[in-house]
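K.L.:
Predicted coordinates and the sequence they were generated for:
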Amino acid sequence: MLTGMTETPEKSPSEPLKRPDRHERDDGADIERDTIALPSHVAGSGTLDRLVETARDYARAAASENTLKAYAKDWAAFARWCRMRGAEPLPCAPQLIGLYIADLATPGGKAPALSVSSIERRLSGLAWGYSQCGERLDRKDRHIATVLAGVRRKHARPPVQKEAILPDDLRDMLATLPHDLRGLRDRAILLIGFAGGLRRSEIVSLDHGKDDTPDSGGWVEILDDGVLVTLRGKTGWREVEIARGSSDQTCPVHALTQWLHYARIDFGPLFVAVSRNGLKPTSARLSDKHIARLIKACACEAGLRPDLPEAERVRLFSGHSLRAGLASSAEVDERYVQKQLGHASAEMTRRYQRRRDRFRVNLTKAAGL
């Protein structure tokens, strides 16, 4: 049951759910060592060795830690698949990758078949892995492209979208929270996440002020009219404006200031873990997994989608439910929603809209029919 969600010392957002096996650890370590290194003809020195480590740190910062973990896991799975069949992952062989795609789509034995989107994610991980080894994976090679096109044609299905949390749903979820420090924090998380259209990783990466911590993903400024959130997102730095609500019960700014006041947070991570008795904040930044657990637990407690069994309801809601809720319920011009969510295209924003004014533009009548 998710309703009895307890809080334990948080793990880092990128910590895997299970311990990787020996092959996974070795493959990931090999890739990291090979990414940035001195040329073979250059003798090492203390200064150059330090620069190598600095360059490796910058290379790791090129993508989020969660993305790098996923890519490393994809590469490890491919390397293990190759070894089990007497092959080697290097050098890059498009023919071998085409066979790998076919096996992922229709595996033998008890292994489940992967969806098209999961296979494409695996390919992105392989492209990253080969690039770290100084090689290039050409996804347009006929041995890869034609097999993947056939998999799409035969197995592709519409994506399964998470349920949007609409304003009435959110009010019901807020009513389930306890009236203690943990409840204040979780109330602020839900309201800030909804009103800002923030990803769960963006919520937990926020600091109170600029440059408070080395792992900061942004900071907040509380102004008279609202909160200005400065975020380091997927496409660079952006600002998100979260205005005040119509009442204190649903105002994200009021919820945030209440949490900061009673938790006495004026420096460091914005959202931290709370002691087991719910009375004292700790210094540990929350994991993004807490956001997902919080949303699922509150949705079940609030009785959302009572027509479904609890197990299905748990799978139906996630961190993206807050972003989808804002996109689906904000009755403003679409471009403002697109800017708030940080999307590069309006088409991506429309994917988050679970309900919208369809057929508003009637091309049939406009054409004279």
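P.N.:
Structure's in. What do you need?

K.L.:
what residues are up against residue 281?
P.N.:
Residues in contact with residue 281 (C-beta atoms under 8 Å, 6 or more residues apart in numbering) are 181, 185, 263, 264, 265, 272, 273, 274, 275. Backbone N, C-alpha and C define where each C-beta goes, glycine included.

K.L.:
Out of those residues, flag the one nearest to residue 312.
P.N.:
Comparing the contacts of residue 281 against residue 312 with C-beta to C-beta places residue 185 closest, at 28.2 Å.

K.L.:
Quick check: closest non-adjacent residue to the closest one.
P.N.:
Once flanking residues are discounted, residue 185 sits nearest to residue 259: 5.1 Å by C-beta to C-beta, 6 or more residues apart in numbering.

K.L.:
At which residues are the helices of the stretch 251-369 of the chain located?
P.N.:
Assigned helices in the stretch 251-369 of the chain, in chain order: 252-263, 288-302, 310-316, 320-329, 334-341, 346-352, 363-366 (criterion: DSSP state H, counting those that start in this stretch).

K.L.:
Give me the buried positions along the biggest helix by length in the chain.
P.N.:
Longest helix in the chain, counting residues (DSSP state H): helix 65-84. When neighbours are counted by 16 or more other C-beta atoms under 10 Å, the buried residues of helix 65-84 are found to be 67-79, 81-82.

K.L.:
any idea of the angle the one helix or strand residue 189 maps to forms with helix 252-263?
P.N.:
Secondary structure assignment for residue 189, by DSSP states H and E: helix 181-196. Helix 181-196 runs at 150 degrees relative to helix 252-263, counting by axes from the mean of the first three to the mean of the last three C-alpha atoms, to 10 degrees.

K.L.:
Help me confirm that residue 239 is found in a helix?
P.N.:
No. Assigned with DSSP: H, G, I helix; E, B strand; the rest coil, residue 239 falls outside any helix and is strand.

K.L.:
And it, how far from residue 227?
P.N.:
11 Å (C-beta to C-beta, to the nearest Å).

K.L.:
Between the two, which has more neighbouring residues?
P.N.:
Regarding residue 239 and residue 227, a neighbour count based on other C-beta atoms under 10 Å identifies residue 227 as having more, with 20 against 12.

K.L.:
surely that one meets residue 253?
P.N.:
Yes. Residue 227 is within contact range of residue 253, at 5.3 Å (criterion: C-beta atoms under 8 Å).

K.L.:
shared neighbours of those two, anything?
P.N.:
Shared contacts of residue 227 and residue 253 (C-beta under 8 Å, 6+ apart): residue 242.

K.L.:
Show me which of the buried residues of helix 65-84 is closest to residue 162.
P.N.:
Closest to residue 162, out of all of those and judged by C-beta to C-beta, is residue 70, at 18.6 Å.

K.L.:
ok, residue 176 - contacts?
P.N.:
Residues counted as contacts of residue 176 (C-beta under 8 Å, 6+ apart) are 298, 301, 302.

K.L.:
Kindly state the pLDDT recorded for the last one?
P.N.:
If I follow you right, that is residue 302. pLDDT recorded at residue 302 is 95.

K.L.:
how close does it get to residue 353?
P.N.:
In this view, residue 302 and residue 353 are 22 Å apart by C-beta to C-beta.

K.L.:
for the second one, same thing?
P.N.:
Taken as C-beta to C-beta, the spacing of residue 301 relative to residue 353 amounts to 26 Å.

K.L.:
what do you get for residue 116?
P.N.:
For residue 116 relative to residue 353 (C-beta to C-beta), the value is 23 Å.
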